[in-house]
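# Sequence unavailable; structure follows:
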C-alpha cells in the first residue's frame, strides 16, 4: 500500500526531465493517458516537495508539458483550500491531499468518515445558498432527526480548524439559525473551473466562431475529471440532476472539439477523441455521429459499421422505428451510405 501522501507522478519526473525528446514524449503520453488533466495537478504538487531534486524535476517537467501536449500549465504550487468533486470527492490544502478516513481515525474516531465526507459533499453541492439542517439530515441520513448531525458538523469544523486555524473554520463553515453554509469564498473547486471554462467557450463560439472556441472547449474536456461526486454512498441521489447537467456540458464540449477537428481535416484525432467518449458513454449521439463521419473520411468502413451497430445495440434502437427515424446517428449513417 502506498503512503497517504504518495504522489504517483514522481516516477515520471526523471523521464520528463530526460534529454531525449522521444523519452519525454512517451512519458508525457503515458502520464496523460493514465491520469488525464489531473496529472498537471499532481505535477504542481511536486513543486512543494521538501526534496530539492524533485522540485527541480517538476519545474522542468511543467516547462516541457506545453510543448509535448499543447496543454496550458501553471508553474506555481497550489495554495489554499481546494475541493475536487468531478469523479471522486477529494480535499486539498495547498499541495497536500487531506485523507478524511485517516484524519477521522486519528482525531475523531467516534464519527464515521463517510458521513463526514457526505456532509462535506452536500454542503459543497448546495453552494452559496447553503442548506437547512433538516435538508442536510434528509440528504445524508434519510431522516430529519439524525442524532449525529451536530457532532458531524462540529467534526467538519474541527477538520477545517486543523487545516488552518479556528478563525478560518468559522469563516469557511457558517452555522446559524438552523442553516449551514460552506462558504464559497473559502475554497476553489474543479467544478468552478470546468463551468467557467465551458461558459467562456460557448461565449467565444458565439462571438468568434468555433475555431476560436475550440481550444477552450478542449480545456474544458481536460478539466472534467469524471461524473460528479460519483463515489459518495449510493451515488448521492441528490446529486443526479447536477451530475447529468455537468456530463451534458462535457459531451457538448466533446462534440464541438470533434467538429473542429473534422473541419480541420484532422480525422485521426477526431476518431481518437470520439472513440474515447463513446467508450465511456454509448448514448453520446452527437459525438458518435462525428465518429462515423471521421471513419468514412479515413475509409475505415469496417469500423464505421461496427460502431453504428454497437450504438444501435447499446441504445436498444430500431433504426427503422419511430425513435430511429429521429436519431442523429441513424441519420448520419444514412447520409454516409447515400454518398458511397
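Received the coordinates, thanks. The shown structure was predicted, so the numbers you read here are calculated from the model rather than taken from an experiment. Residues are numbered from 1 along each chain as shown.
# Now do the buried residues in the strand or helix carrying residue 262.
Using DSSP states H and E, residue 262 sits in helix 240-263. Neighbour counts using 16 or more other Cβ atoms under 10 Å place 242-243, 246-247, 249-262 of helix 240-263 among the buried residues. Bear in mind the C-beta positions are built from the backbone N, C-alpha and C, glycine included.
# next one: stretch 52-67
Buried residues in stretch 52-67 (16+ other Cβ under 10 Å): 54-55, 57-58, 60-62, 64-65.
# and the nearest residue to residue 308 once chain neighbours are set aside, backbone torsions?
Spatial nearest neighbour of residue 308, excluding adjacent residues (Cβ to Cβ, 6 or more residues apart in numbering): residue 333 at 5.1 Å. The phi and psi values for residue 333, taken as degrees, to the nearest 10, are phi -60, psi -40.
# quick revisit: tabulate the buried residues of stretch 52-67 (JSON lines), appending pLDDT.
Formatted as JSON lines, the buried residues of stretch 52-67 follow (pLDDT from 0 to 100):
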{"residue": "54", "pLDDT": "79"}
{"residue": "55", "pLDDT": "82"}
{"residue": "57", "pLDDT": "86"}
{"residue": "58", "pLDDT": "85"}
{"residue": "60", "pLDDT": "86"}
{"residue": "61", "pLDDT": "85"}
{"residue": "62", "pLDDT": "84"}
{"residue": "64", "pLDDT": "86"}
{"residue": "65", "pLDDT": "83"}
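# Sort out which of those residues are in strands and list them.
Among the buried residues of stretch 52-67, no member falls in strands (DSSP state E).
# any idea which of these is the one closest to residue 303?
Among the buried residues of stretch 52-67, residue 65 lies closest to residue 303 (Cβ to Cβ), at 31.2 Å.
# just checking, that closest one touches residue 29?
No - Residue 65 lies out of contact with residue 29 (Cβ atoms under 8 Å); the separation is 11.4 Å.
# any chance you could map the helices in the stretch 1-150 of the chain?
For the stretch 1-150 of the chain, applying DSSP state H, counting those that start in this stretch gives helices covering 13-16, 21-35, 38-45, 52-69, 100-107, 113-126, 133-141, 149-163.
# buried residues in the first one?
Neighbour-count burial for helix 13-16, with 16+ other Cβ under 10 Å as criterion, is recorded at 13, 15-16.
# quick one on the thing from earlier: out of the buried residues of stretch 52-67, which is nearest to residue 288?
Using Cβ to Cβ, residue 65 comes nearest to residue 288 of these, at 30.5 Å.
# Neighbours of residue 113, how many?
Here the number of neighbours of residue 113 (other Cβ atoms under 10 Å) works out to 17.
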